[in-house]
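1. Below: sequence and its predicted model.
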Amino acid sequence: MEINDLTPAEARVWRAFPRGETVDFRTAADEDATAGRDWGPERTLRASVLRALLVTAPQEDGEISALRIAGARITGALDLTHAVLDRPVRMSHCYFTTRPELYGIQVPRLSLRGSVIPGLDLAGARVDGMVQLSDCRVRGRLMLAGTEIAGALHLARAELTGPDDSPALQLNQATIGDDLWAPELRAHGELRLTGATVSGSVDLSRARLTHAGRPALDAETLAVEGHLLLRHARVRGWIGLRAARITGRADLSYACLSNPGGPALRASSATLGELWLRRGPHPVRGTLNLRRAQLDVLFLEPEMVPDRVHVSGLVYTTLTPHEPAERRLPLLDRDADGYAPDAYEQLTAAYRRIGDDHAARRVQLAKQRRHRGTLSWYGRLWGHVQDAAVGYGFRPLRAAGWLLSLLAVGSVAFALDHPRPLKPDEAPPFHPVFYTLDLLLPVISFGQEPAFAPAGWHQTLAYVLVLTGWILATAVVAGVTRTVSRQ
């Protein structure tokens with residue numbers, strides 16, 4: 001392309017390119033690029049000119065060439081498909097009339113910061129440095145599937161709008177050598193990060209993700225060496241972390257997760273260093289799915305637990321903050337999969353690790369009561385007996401209370417009206433307390449019970465005490481056996 005064929009604006013860029021100089025068409029540093037549709041020819045560049053500049057422009061000895069423009073209106077399709085560029089590209093605060101086609105491009109560094117773009121195809125590209133898309137407004141698909149970025153991907157304060165049912169951002173199978181830096185991102189449509197690998201952290205703090213009833217963030221099998229941060233984020237739709245691997249923490253502190261009637265967070269089979277759900281403006285609205293997830297630390301405040309959860313197979317080492325068992329048990333009671341004994345064992349183990357044996361026993365008692373509901377009628381009946389007698393062995397003093405109460409009733413009753421002796425000449429002196437103990441304790445004899453024969457209401461009371469004693473003894477043995485076996 002000859003320079004004589006260029007407009008004055010294009011000629012400025014052509015002359016600046018060999019020396020890597022910046023051509024800034026803006027009238028103010030804070031100019032809004034959305035007004036670019038009305039910019040005139042004095043700041044309009046043809047995409048075909050930029051393509052020729054990047055592919056065929058001459059070099060100047062001793063200079064490092066680069067395309068650096070700001071505040072331009074770029075018309076036509078910038079098609080650099082499979083182009084191999086050895087110079088950085090920066091087109092910041094520009095207005096693109098047509099989606100740039102950068103599929104499979106190889107470039108040292110790419111920046112479109114603050115630009116307005118009707119979509120961008122950067123799939124399969126290889127960038128040796130960082131990709132800068134902060135403050136961009138993308139009105140179409142942002143495609144980076146399979147892209148290799150040696151540095152960071154910047155999307156801070158960007159606004160992405162996906163067309164119809166298409167994802168707003170496709171980053172699946174991409175590789176990022178540093179951070180995915182996207183605080184205050186605004187996305188209308190799905191963010192697809194399935195199979196992506198991020199060597200640093202993924203920062204979506206204060207992001208606003210909207211895809212009601214559908215995946216707002218689909219990060220299935222995502223691998224992150226640092227943290228996944230969604231602090232103060234607002235998400236309408238569901239977050240998918242199925243089989244994801246996050247070495248650091250998945251931090252949803254102060255986040256607002258809302259997908260009523262469906263899943264809000266799917267982290268089944270995920271491996272996370274830590275999962276933080278704390279101090280949101282309201283509980284999670286939707287289902288919390290942590291089936292088969294493996295966590296070192298689960299930071300879960302009871303106020304954040306939704307009405308429906310899936311925690312079967314969940315494994316964690318530490319549960320924080322420390323709360324009484326009564327505050328933690330609703331998490332297990334709300335399991336949509338029904339009774340999950342392993343969930344109770346996990347919670348019991350967490351309390352025992354910090355030495356809270358009282359809370360551990362409370363969880364085990366709740367487990368037995370929940371298990372009782374799965375039994376046949378006679379199993380439930382026996383369960384109620386054990387619960388009332390000794391709290392399934394976790395409240396042994398209750399047995400002493402029953403024993404003392406029955407002992408008092410029997411002693412008073414038999415003291416007021418002695419049963420007659422079987423052999424008056426051989427019978428020992430009658431003692432109402434020890435006679436009652438003889439009836440209550442099936443394996444201990446004080447010589448009172450075989451020497452006297454109650455009649456009438458005495459006999460009925462004696463039968464009740466004998467039967468109650470056997471039931472109480474059996475319940476104590478069953479409960480103690482259960483308790484000892486768990487030690």
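-> Nice, thanks for sending it over.

2. close enough to count as contact, Ala216 and Arg234?
-> No. Taking CB atoms under 8 Å as the contact criterion, Ala216 and Arg234 are not neighbours in contact, 9.8 Å apart. The C-beta positions use only the backbone N, C-alpha and C, and glycine is treated the same way.

3. Which one of the two is surrounded by more residues?
-> Here Ala216 and Arg234 are set side by side on neighbour count (other CB atoms under 10 Å), and the busier one is Ala216, at 29 against 17.

4. Am I right that that one is in a helix?
-> No. Assessed by DSSP: H, G, I helix; E, B strand; the rest coil, Ala216 does not belong to a helix; its assignment is strand.

5. circling back: residues shared between the contacts of Ala216 and Arg234?
-> Both Ala216 and Arg234 are contacted by Leu209, under the criterion CB atoms under 8 Å, 6 or more residues apart in numbering.

6. so where do the strands sit in the stretch 301-450 of the chain?
-> For the stretch 301-450 of the chain, the strands defined by DSSP state E, counting those that start in this stretch occupy 309-310, 315-320, 420-421.

7. mind checking how far the second one is from the chain centre?
-> The one in question is strand 315-320. When C-alpha coordinates are averaged (CA atoms, centre = their mean, to the nearest Å), strand 315-320 and its chain have centres 13 Å apart.

8. hmm, who's touching it?
-> Looking at strand 315-320 with CB under 8 Å, 6+ apart, the contacting residues turn out to be 292-300, 328, 346-347, 350, 353.

9. what about 7 Å?
-> Strand 315-320 is contacted by residues Gln294, Leu295, Asp296, Val297, Leu298, Phe299, Gln346, Ala350 when judged by CB atoms under 7 Å, 6 or more residues apart in numbering.

10. Thought Glu274 was touching the fourth one, still the case?
-> What it means is Val297. Yes. Val297 lies in contact with Glu274 (CB atoms under 7 Å); the separation is 4.1 Å.

11. and Asp333, how many neighbours?
-> One way to gauge burial is a neighbour count; for Asp333, by other CB under 10 Å, it gives 11.

12. separation between the nearest residue to Ala83 once chain neighbours are set aside and Asp178?
-> When the adjacent residues along the chain are set aside, Ala83 lies closest to Ile105, with 5.2 Å between them (CB to CB, 6 or more residues apart in numbering). Separation of Ile105 from Asp178 (CB to CB, to the nearest Å): 19 Å.

13. Those two: who's more crowded?
-> Taking neighbours as other CB under 10 Å, Ile105 and Asp178 compare with Ile105 leading, 24 against 18.

14. circling back to that earlier point, which ones among the contacts of strand 315-320 map onto helices?
-> Under the assignment DSSP state H, the contacts of strand 315-320 contribute Gln346, Ala350 to helices.

15. List buried residues within the contacts of strand 315-320.
-> Neighbour counting by 16 or more other CB atoms under 10 Å classes Gln294, Leu295, Val297, Leu298, Phe299, Gln346, Ala350 among the contacts of strand 315-320 as buried.

16. you'd agree the residue nearest to Ala83 is up against Leu80?
-> Yes. With contact defined as CB under 7 Å, Ile105 and Leu80 form a contacting pair (5.2 Å).

17. thinking again about what came up before, save the contacts of strand 315-320 as TSV, and put in distance to Thr460 too.
-> Rendered in TSV, the data for those read as follows (distance: CB to CB, whole Å):
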residue	distance to Thr460
Gln294	59
Leu295	59
Asp296	61
Val297	60
Leu298	56
Phe299	59
Gln346	49
Ala350	50
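
18. closest to Glu184 among the contacts of strand 315-320?
-> Each of those was scored against Glu184 by CB to CB, and Phe299 proved nearest at 23.6 Å.

19. Run through the bridge partners of the closest one.
-> Here Phe299 sits in beta bridges with Trp276, Thr320, as judged by DSSP bridges.

20. From Leu229, how far out is the spatially most distant residue from the centre of the chain?
-> In the chain, the residue that sits farthest from the middle, by CA atoms, centre = their mean, is Asp425; the gap is 79.8 Å. Taking CB to CB as the measure, Asp425 and Leu229 are separated by 91 Å.

21. neighbours around the residue lying closest to Arg353 once chain neighbours are set aside, how many?
-> Of all residues not flanking Arg353 in the chain, Thr318 sits nearest, at 7.2 Å (CB to CB, 6+ apart). Taking other CB under 10 Å as the criterion, the count of residues near Thr318 is 13.

22. where does Thr287 land in three-state SS?
-> Three states are possible here, and by three-state DSSP the one that applies to Thr287 is strand.

23. Contact partners for it?
-> Contacts for Thr287 (CB under 7 Å, 6+ apart) come out as Gly262, Pro263, Ala264, Pro306, Arg308, Val309, His310, Ala336.

24. Filter the residues you listed down to the buried ones.
-> Restricting the contacts of Thr287 to buried positions leaves Pro263, Ala264, Pro306, Arg308, Val309, His310, with burial counted as 16+ other CB under 10 Å.

25. did I read that right, the second one in a helix?
-> No. With three-state DSSP as the criterion, Ala264 is assigned strand and is not in a helix.

26. how close does it get to Asp337?
-> Taking CB to CB as the measure, Ala264 and Asp337 are separated by 17 Å.

27. ditto for the first one
-> Using CB to CB, one gets 14 Å for the distance from Pro263 to Asp337.
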